[in-house]
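Pasting the sequence and the predicted coordinates here, then a few questions.
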Amino acid sequence: MNIDLFNKEQKKQIIPPPLAERMRPTNIKDFVGQENLIGKGKILRKVLENNKIFSMILWGPPGSGKTTLAKLISIQISANFYQLSAVSSGVRDVRTIIDQSRINSHAGITTILFIDEIHRFNKAQQDALLHAVEGGSLTLIGATTENPSFEVISPLLSRCKVLKLSPLSEKELNIILDRALKKDIILQKYSICIDENARLFLLRNVNGDARKLLNAIEISYQISSPKKSRSFHITLPLIKEALQQRNLLYDKKGDYHYDVTSALIKSVRGSDPDAAVYWLTVMLEGGEDPLFIARRLIILASEDIGNADPSALTLANSAFQAVNSIGMPEAAIVLSQVTTYLASAPKSNAS
């Protein structure tokens with residue numbers, strides 16, 4: 001068969017957008033999660049019901065709905081929506097949109113500028129936004145996975161409301177999964193069966209990230225390539241192949257570092273060795289300094305166990321020396337041993 005590469009009339013194959021994009025809701029009522037923000041009587045629901053909005057920074061982990069929420073807000077209030085990525089955009093792009101926002105403002109049109117990864121904007125780029133945001137011609141919605149208190153300049157931060165988004169729960173992820181299997185324009189053409197163990201593994205291994213969940217389903221579909229048959233069976237091995245490995249969300253310098261450290265300490269304090277080892281693993285897989293963990297365990301042995309088990313302090317101190325001597329990866333075994341011991345030991349904060 002001869003193909004004319006220069007035939008402009010030849011039909012081009014239309015490549016559909018990714019599943020995560022196809023399943024992005026177009027109505028605020030279809031948004032899943034973040035009930036603390038859009039639930040009945042909550043801050044975003046109230047202002048949107050009044051057809052109003054304010055500048056804000058959406059702070060949350062990947063796949064929690066920051067971009068989707070920004071787009072839904074613009075649809076809800078019929079605003080002109082502009083989107084920039086802090087990775088590829090500069091001051092010139094910002095100023096172009098600001099100039100347009102002034103024209104829109106005179107015409108009574110609300111302009112929303114959504115900046116993804118706003119923490120990557122430098123000071124000069126953030127400064128360029130100040131006057132337009134303060135004057136009200138531009139409504140800024142920034143999205144970040146980093147604590148905005150550390151990454152966004154104070155003058156801009158004072159002009160915005162910081163709204164914190166949480167990772168999606170397994171229940172919320174399950175709703176998104178079922179919706180994709182039943183309503184996606186491509187997947188709905190197949191009779192899809194997903195094994196229960198595959199579903200549970202998927203929900204528990206995407207770290208509350210809806211995008212990662214939908215990407216795994218799409219990769220499973222692409223691997224299986226169910227063209228001849230109208231049935232599509234999603235098994236545990238298929239999901240594992242699609243996910244490849246569990247990526248633990250951990251930032252050694254951000255707030256999550258302190259949250260996980262606190263979770264480890266509270267798990268030991270609460271005498272839950274399984275939970276303690278889980279949080280220990282999150283820290284080590286995320287690249288945490290094992291000596292930092294060992295020091296925290298020494299403090300914990302004295303502060304929370306004390307004379308209820310005096311040997312706990314000796315063991316924790318010995319673990320520190322061992323970790324310092326042998327390093328990773330073997331140090332993980334030592335830390336696991338002392339963590340489970342401390343979690344199982346009797347507790348006393350009398351000291």
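Right, received. Where do you want to start?

I'd like the secondary structure assignment at the nearest residue to residue 186 once chain neighbours are set aside, please.
Nearest residue to residue 186, sequence neighbours excluded (C-beta to C-beta, 6 or more residues apart in numbering): residue 16, at 6.7 Å. For the C-beta atoms, the positions are set from N, CA and C on the backbone; glycine is no exception. Three-state assignment for residue 16 (DSSP: H, G, I helix; E, B strand; the rest coil): coil.

Could you count how many residues lie near residue 16?
10 (other C-beta atoms under 10 Å).

quick one, what contacts it?
Counting by C-beta atoms under 8 Å, 6 or more residues apart in numbering, residue 16 touches 22, 185-186.

Go through those residues and name the one nearest residue 315.
Among the contacts of residue 16, residue 22 lies closest to residue 315 (C-beta to C-beta), at 54.0 Å.

re earlier: may I ask which of the contacts of residue 16 has the most neighbours?
Using other C-beta under 10 Å as the neighbour test, the contacts of residue 16 are led by residue 22, with 16 neighbours.

in terms of contact, does that one touch residue 184 like I think?
Yes: if you go by C-beta atoms under 8 Å, residue 22 and residue 184 touch, sitting 5.8 Å apart.

State the distance from the residue nearest to residue 117 when sequence neighbours are not counted to residue 118.
Of all residues not flanking residue 117 in the chain, residue 86 sits nearest, at 4.4 Å (C-beta to C-beta, 6+ apart). Distance from residue 86 to residue 118, counting by C-beta to C-beta, to the nearest Å: 6 Å.

out of those two, which sits in the busier spot?
For residue 86 versus residue 118, the count of surrounding residues by other C-beta under 10 Å is larger for residue 118: 27 against 19.

Okay, now the unreliable bits of the protein?
By pLDDT under 70, the low-scoring segments of the chain are 1-14, 227-229, 245-257.

let's go with 50 and repeat that
Low-confidence segments of the chain (pLDDT under 50): 1, 247.

Break it down into its domains, please.
Domain segmentation of the chain under automatic domain parsing yields 33-164, 170-243, 255-344.

In TSV: these, plus distance to residue 26.
What follows is those, written out as TSV (distance: least, C-beta to C-beta, whole Å):
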stretch	distance to residue 26
domain 33-164	7
domain 170-243	12
domain 255-344	31
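
Assign residue 350 to helix, strand or coil.
Following three-state DSSP, the label given to residue 350 is coil.

ok, it touching residue 304?
No: applying C-beta under 8 Å, one finds residue 350 not in contact with residue 304, separated by 10.5 Å.

And the two? Which one has more around it.
residue 304 (21 against 7).

Please give me every residue in contact with that one.
Counting by C-beta under 8 Å, 6+ apart, residue 304 makes contact with 265, 268-269, 347-349.

which non-adjacent residue is nearest it?
In space, residue 304 comes closest to residue 269 once its chain neighbours are excluded; the distance is 5.0 Å by C-beta to C-beta, 6+ apart.

so what's the one you found up against?
Residue 269 makes contact with 300, 304, 347, according to C-beta under 8 Å, 6+ apart.

Run a quick neighbour tally on the first one.
Looking back up the chat, that one is residue 300. Residue 300: 21 neighbours (other C-beta under 10 Å).

so it sits right up against residue 266, yeah?
No: counting by C-beta under 8 Å, residue 300 does not reach residue 266; the two are 10.2 Å apart.

hang on, residue 192 in a strand?
Yes: applying three-state DSSP, one finds residue 192 inside a strand.

Provide the secondary structure category for residue 162.
Of the three states, residue 162 takes strand under three-state DSSP.

Pull stretch 46-61 out as CSV, backbone CA atoms only.
Backbone C-alpha positions of stretch 46-61 (Å, rounded to 0.1, in the frame of the first residue of the first chain) are rendered in CSV as follows:
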residue,chain,number,x,y,z
LYS,A,46,-20.2,29.9,49.9
VAL,A,47,-18.4,32.3,47.7
LEU,A,48,-19.2,30.4,44.5
GLU,A,49,-22.9,30.4,45.4
ASN,A,50,-22.7,34.2,45.6
ASN,A,51,-20.9,34.2,42.2
LYS,A,52,-17.7,35.7,43.8
ILE,A,53,-14.1,34.6,44.2
PHE,A,54,-10.9,35.8,45.8
SER,A,55,-7.2,35.3,45.1
MET,A,56,-5.9,32.1,46.6
ILE,A,57,-3.0,29.6,46.9
LEU,A,58,-4.1,26.0,46.6
TRP,A,59,-1.6,24.0,48.6
GLY,A,60,-1.7,20.2,48.4
PRO,A,61,-0.1,17.0,47.2
